[in-house]
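# the sequence and its predicted three-dimensional model are supplied below.
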Amino acid sequence: YLVYAASVLYAMGQLYTSLLDDSLALKCFDESLQLRQKQLGGDHGAVGAALFELANIHARLGNYSIGIDMFQEALRIRLLTSGKDSANVAMTLLKMGALYAREGFYGHALDRLEGALRIRRDRVKRAKSKRQQQEQASREVFEGTMDSG
C-alpha cells in the first residue's frame, strides 16, 4: 500500500508542478520521498526520481543550496541504478550545472555540463552505430533473399 501511495503522491506532485503550484508539488514529492525511502531504501531509483523533482522545485524557489544537495543525492542514486552513461545521469548533471552557474560556481557548472554533454554525445554515437548495424543486417537479409529467388 505505501509504495502505491508514494507513486500516487509522486504523480500528484507532477500534476501540481505542471499547474505551477510549487508549494503543493513540494509537499507531494516530499511525502512520496519519505514513503519511498521507508519502503524501498535510500538507494532505489524511485527515491532518486523524487529527489530530482524536489531539487528542481527548490531551484525554482531560489533554495539553491538545498537544490544542489538534492541533485547531488539524486545523482549518486542514479549512478548506482542507471549507470554512468544514462539519460537520467545526463539530465541530473545538466540541471546541476545550470544551478551551479546561477550561483556563480562556474568551475563546478562547467564540470557538470561537460559531463552531461559527453554522455549525450556517446549516447547519440551508440544509437547511430546501432541503427547502421540494423540497416546493414536488413540489407544482407534482403540481398540474401534476392540471390536465392
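Looks like it came in fine.

# just want the most central residue of this protein.
Among the residues of the chain, the one closest to the centroid is residue 88, at 2.8 Å (CA atoms, centre = their mean).

# list the residues that contact that residue.
By CB atoms under 8 Å, 6 or more residues apart in numbering, the residues touching residue 88 are 48, 52, 78, 82. For every residue, glycine as well, the C-beta is placed using N, CA and C.

# of the residues you listed, buried ones?
Buried members of the contacts of residue 88, counted by 16 or more other CB atoms under 10 Å: 48, 52, 78, 82.

# any idea where the helices of the protein begin and end?
Ranges of helices in the chain, per DSSP state H, are 2-18, 22-40, 45-60, 64-82, 87-102, 106-148.

# mean pLDDT added to the ones you listed, as TSV?
Converted to TSV, the helices of the chain look like this (pLDDT from 0 to 100):
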stretch	mean pLDDT
helix 2-18	95
helix 22-40	97
helix 45-60	97
helix 64-82	96
helix 87-102	96
helix 106-148	82
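
# how much space between residue 104 and residue 64?
10 Å (CB to CB, to the nearest Å).

# nope, residue 95 is what I was after
Distance from residue 95 to residue 64, by CB to CB: 12 Å.

# higher neighbour count, those two?
Set side by side, residue 95 and residue 64 show more neighbours around residue 95, with 21 against 15, by other CB atoms under 10 Å.

# since we're on residue 121, how many residues are nearby?
11.

# can you check residue 136 too?
Residues lying near residue 136 (other CB under 10 Å) number 10.

# tell me the most buried of the helices of the chain?
helix 45-60 (a mean of 22; mean count of other CB atoms under 10 Å).

# run through who's touching that one.
6-7, 10, 13-14, 17, 22, 25-26, 29-30, 32-33, 36-37, 40-41, 64, 66-71, 73-74, 76-78, 81-82, 88, 91-92, 95, 99, 102.
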